[in-house]
Structure formats: structure tokens, C-alpha cells
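In: Compute the structure for the input listed below.
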Amino acid sequence: MNKIIVVWVVVLGVVLSGCSSSEQKTKPAVKKSPFKSSTSSEVSHAGGNITGVWLATGKQDGVNSTWYFSNGRLIVNYMYHFSYVIAKNKDPHGYTVVTIKNSKVKRQHALLLKRNGNSNFEGLTVEGEAYNKYLANGTVPKGQIIEFAFQKNAWGSMDEAIDFYENTYKNTNNEISKEMIWDNYRRDLWDLVKEGTSDHTITLHWTNIGGAGGSYNQFVKNDRTTVITFFDGNAGYPNHPTMRYTIRNSDYKVIKTEELWKQ
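Out: Numbering: from 1, shown residues only. Presented below is the predicted three-dimensional model:
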């Protein structure tokens, strides 16, 4: 398989789905993996902990994608959701085997990982007929090597940023908590702004509940604080921010307020 992770994502249907959008009429035969599986807390037995956010880059084509592993949940590119299970033991080739399942289609695929230095991994994706052969006899397919680099303070998903936003407004010790009218708030009105998102920065767009107009919020995560910059109105982003709040990560307390619209 010569495709980078993002191409694999598309081929598998939306992301890593591995089939068309239509449902299968018959259930495929269940193949039992020869490797014992475990929860994410047992990953070290297989050669390292993969919990956290990783930047996946193809060695050949240089295409990037973001992978967030957490307690059996995998989120690719901030918004595509899967489940995963990690084999307790390495396979005969020395790979840590991560079995990935799409929640909608129920097809499984494998990510084979090996350590590359102290904190990073190199991996191969195995899907389709190659996955069946791997389960049958352990054959590792040839394909593009994908480098996984750990991202400190990176956002793993849209939900993570939305949760932070909501928790900040729910903290009644914050003055801005008085500004929120929860009856006018709907979580499903957030969208990801891809061109404003990378590493420790994620940008979201909020669509007004009536459908007309909206605003942008940019979240920058640091070790102890997160900075949220508000851009009121669709025309305000990215050059005309209105407000900026520095918030303590431990308790969602606003510790600094900047009225940028006055500057």
C-alpha cells in the first residue's frame, strides 16, 4: 500500500472506513487476531504508550494528518471518530499492533508501529486483503512508512476545545459566565476552521442559531493556560480580534482579559 494516511482515510470511506457509504447486507466472517489485545493502559507491554496527539507524516509524500489516541478512542484530523484496541504483545516482526474499527461500518484495520527514537513511532497501515493476509499468516505488506511525532499541548479534537469553552463559561467565578445565555447555545453549531488549526492552535467557527452570521474563536493551548481569542462577526477573522482571555487549564478560571477592540 503506497498511500499516505490521509489517502487511506479517504479510501476507507470518509476516514479509515474501508468501504462505501452503503451498509453491508451480510456480515463478513469474523477473523480472530493471533495477538492478545489490551486496553490503552497496557500499551507499554507492547513497546510504548501512544496515548495523546500525534502528527502523522508520510515519508514519501510528506502529507500530514493528526491522530489523537485516548482510552480506546481515536480521532483523526480533529473530527473523525474510531475505536482502537492495542495488542498486549508485539507481533513476530516486532510491531505493536493497533486494531482500528470504524464505528459506522464495523470493518477493522491495523496500524503497525515501531519505536523511532525516544518518543516517536514509525508505522504501516494494513487494510483490505492485506489485513486478511496479516491476520492469517502475519504477512506485513510493503507500503509507505508513516512517521508519528508526539505533539505536546496539541488539541486532539474539536470536542476538546468545545468542552474547554463551555467549562470556562460554566465557571461562575468568571465574569464572562454572566454573558452566556444557554438557551441560545447549541453545541452542534461549531465547525472546524482547517486553515487556522495546527499543533497547539485550533480555530472554530460559530454559526448563529438563526443561520445568519457568526463568529470565530481561536484556542491556543499552553502548559498551564489556554488563550481564547474572539473574533466577533464573520468579517472579523483573522485580522480584527475583539476580545482575548487567558484561562487557567486546571480550573477554567479567567486570569487575564484583553479588550482588543479598543486597540
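
In: What are the boundaries of the strands in the stretch 101-250 of the chain?
Out: 108-116, 120-126, 146-150, 190-192, 201-207, 214-221, 225-232, 243-248 (DSSP state E, counting those that start in this stretch).

In: For the ones you listed, could you give me a markdown table that also reports distance to residue 69, mean pLDDT and mean neighbour count?
Out: For the C-beta atoms, the positions are set from N, CA and C on the backbone; glycine is no exception. Below are these laid out as a markdown table (distance: least, CB to CB, whole Å; pLDDT from 0 to 100; neighbours: other CB atoms under 10 Å):
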| stretch | distance to residue 69 | mean pLDDT | mean neighbour count |
| --- | --- | --- | --- |
| strand 108-116 | 10 | 93 | 21 |
| strand 120-126 | 11 | 94 | 22 |
| strand 146-150 | 10 | 95 | 19 |
| strand 190-192 | 19 | 97 | 16 |
| strand 201-207 | 17 | 97 | 20 |
| strand 214-221 | 17 | 97 | 20 |
| strand 225-232 | 21 | 98 | 19 |
| strand 243-248 | 25 | 98 | 18 |
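
In: Would you mind telling me which of the ones you listed is nearest residue 92?
Out: Nearest to residue 92, of all those, is strand 108-116, at 11.5 Å by CB to CB.

In: Just the C-alphas of that closest one, formatted as PDB.
Out: Extracted C-alpha coordinates of strand 108-116, given in PDB (Å, rounded to 0.1, in the frame of the first residue of the first chain):
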ATOM      1  CA  GLN A 108     -11.300  -3.400  11.100                       C
ATOM      2  CA  HIS A 109      -7.800  -2.300  10.000                       C
ATOM      3  CA  ALA A 110      -4.400  -2.400  11.600                       C
ATOM      4  CA  LEU A 111      -1.700   0.100  12.300                       C
ATOM      5  CA  LEU A 112       1.700  -1.500  12.900                       C
ATOM      6  CA  LEU A 113       4.000   0.600  15.000                       C
ATOM      7  CA  LYS A 114       7.700   0.500  16.000                       C
ATOM      8  CA  ARG A 115       9.700   2.900  18.100                       C
ATOM      9  CA  ASN A 116      11.700   5.600  16.200                       C
END
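
In: quick one: strands adjacent to it?
Out: Strand 108-116 has the following strand partners under DSSP bridges: strand 96-102 (antiparallel), strand 120-126 (antiparallel).

In: rewinding a little: okay if I get the strands of the stretch 101-250 of the chain as TSV plus distance to residue 176?
Out: Below are the strands of the stretch 101-250 of the chain laid out as TSV (distance: least, CB to CB, whole Å):
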stretch	distance to residue 176
strand 108-116	41
strand 120-126	39
strand 146-150	33
strand 190-192	18
strand 201-207	15
strand 214-221	12
strand 225-232	10
strand 243-248	7
